[in-house]
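Colleague: Just the structure for this:
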Amino acid sequence: MKKIIFTVLMLSCLGTVAQRSGKNDTNSKLASLKHTKNKAVLNQKIKALENGSDQDLWTLIQYYDKNEVKKNAVTRMLLQKYPQSKNAQMARITSFLKIKGMEDIETHMQSMIKDYPNVNLDLEKSFVANMYANEMNPAKTLQYLNSIDDAGFRLKALVMATEEMAAINSTKAMEFASGELENVKKMKDMAALSGPLKVDPKSAYDDFINLYGKLLFKAGKNEEAFRYTAEAYHNMKEKDGELVENYAFLSSLNGDYVQALPILAKAVAAGKFEQKYIDQVKKGYTKLNPGKDADAYVQGLKNIFIKKIKANISSMMVHEAAPDFTVTDVNGKKVSLADFKGKTIVLDFWATWCGPCVASFPAMQIAANRYINDPEVKFLFIYTWNNVPDLLNDGKKFLASRNYTFDLYLDPRDPDTRHSAAADAFKIDGIPAKFIIDGNGRIRFKVSGFEGKAEAAAEEVVQMVEMARK
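Modeller: Alright, predicted model coming up:
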């Protein structure tokens, strides 16, 4: 899934997909093929497409979507006749999606380089670089980035690879970006579009600086972060919310409260309850409103958000008996519902392959941290629905690589039935699935999926816990 998302995003953001007129033409020809009942006429149309343009061959590839043999034959035809085309490029990228394991992906890439010596393979190389970034292998990531011919596109690919690393480990991503900083600075004044992918180096430079500033900010390197954040803030016409908030916070550290306070106050009212934000809002409010109660102002901002959250979740409250379940902790001890009698527990069923599960983890870490010193509330992160041979070490490695400090529990699949007992007990049909159970063993909230900002999602969990323990 991650590979597919990356491919689609990269192709769309670089404008390498077919033009709308080409799409419309493909759609009409594809529809014509599907609605042709006369076999002789159908064969004539197929023959004409086989002898046509790269777009015609792409139409045939879509037509043969469920016929792997014919689809592969037309794909080979496309790659041989029109290797420089965008559709051939898409076919080459798609070919990676069937391959598992970085060693085989690299072998496939090297074969491609030999097979297409006169074709620009920058996009394909960046794809492999991104896959190595996902493996947290900076040396191999850099090897493929450095093999990219177009300097502007290399910078764009560098940003994407760094973002991939940052989603896993922001500290290592910052170290990786720091090593490339001097090379990136040389691109600052390269204004012209270059290479077949037509990447704007200036835009790519701004994207890198923006990302680098965020990584520095997250690491607490405020002075250095302000330098790059300010540059990105003043250079970029379209500013993302994180950039705006970071710039406001860093500006407030320099005493610029007039512009910063409204933005920081809005962030707190939207659930950003980190102490450093609270402190800056108090300082700014006191500076701009001498004699007024800053604590009351901040509490009012918090209440706005908490009231909204409570209103949203109150209708979600249930009162169902929790099923008995058994999971295993990291020490091999089996625990069940009875072991948590009197405590409010939060069950989070997840798996490493589940994108929404992983996306919810920053929020869940915030929520878990709120109760780190509360013995009456327990979070159980239950690793389920996976067939890996060593569930324990796989789960521990995954969480450790991302710096999560969750209490890991295991719900292994039965090798014969392919079912996971705890997940089955709760009749789960999709993950992530979260259950808040009160001290009497009653389910008070059950939530599936994930969306929204981490702060808001974390506060939802916190308020569910608070309502469940009353």
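
Colleague: so residue 214 makes contact with residue 245?
Modeller: No - in this structure residue 214 lies outside contact range of residue 245 using C-beta atoms under 8 Å: 10.1 Å. All C-beta atoms are positioned from the backbone trio N, CA, C, and that covers glycine.

Colleague: And these two? Which one has more around it.
Modeller: Taking other C-beta atoms under 10 Å, residue 214 and residue 245 do not tie; residue 214 has more neighbours (23 against 19).

Colleague: Contacts only, for the more buried one.
Modeller: Contact partners of residue 214, counting by C-beta atoms under 8 Å, 6 or more residues apart in numbering, are 166, 225, 229, 242, 243, 246.

Colleague: what's the answer for residue 470, then?
Modeller: Residue 470 neighbours (C-beta under 8 Å, 6+ apart): none.

Colleague: Wait, a helix at residue 332?
Modeller: No - counting by DSSP: H, G, I helix; E, B strand; the rest coil, residue 332 is not found in a helix; it is coil.

Colleague: For it, the count of nearby residues, please.
Modeller: 8.

Colleague: OK, contacts around it?
Modeller: Contacts of residue 332 (C-beta under 8 Å, 6+ apart): none.

Colleague: Over to the one 3 residues further on?
Modeller: Counting by C-beta under 8 Å, 6+ apart, residue 335 makes contact with 326, 327, 328, 329, 409.

Colleague: Check those against residue 273 and report the nearest one.
Modeller: Nearest to residue 273 among the contacts of residue 335: residue 409, at 27.6 Å, using C-beta to C-beta.

Colleague: Please name the bridge partners of that closest one.
Modeller: residue 329, residue 382 (DSSP bridges).

Colleague: Surely it and residue 329 touch.
Modeller: Yes - Residue 409 is in contact with residue 329 according to C-beta under 8 Å; the separation is 5.6 Å.

Colleague: more crowded one of those two?
Modeller: residue 409 (25 against 15).

Colleague: which residue packs closest to residue 160, ignoring adjacent ones?
Modeller: residue 130 (5.7 Å; C-beta to C-beta, 6 or more residues apart in numbering).

Colleague: ok, and what's touching the helix or strand hosting the one you found?
Modeller: According to DSSP states H and E, residue 130 maps onto helix 122-134. Helix 122-134 has contacts (C-beta under 8 Å, 6+ apart) with 2-3, 6-7, 10-11, 14, 16, 89, 92-93, 96, 102, 105-106, 109, 112, 140-145, 147-150, 153-154, 156-157, 160-162, 164-165, 168, 195-197.

Colleague: So which residues of the stretch 251-400 of the chain form helices?
Modeller: 257-269, 275-288, 294-313, 355-370, 391-401 (DSSP state H, counting those that start in this stretch).

Colleague: Now residue 137: phi and psi?
Modeller: phi -120, psi 90 (degrees, to the nearest 10).

Colleague: Contact partners for it?
Modeller: residue 102.

Colleague: can you rerun that using 10 Å?
Modeller: Contacts for residue 137 (C-beta atoms under 10 Å, 6 or more residues apart in numbering) come out as 102, 129, 131, 143, 165.
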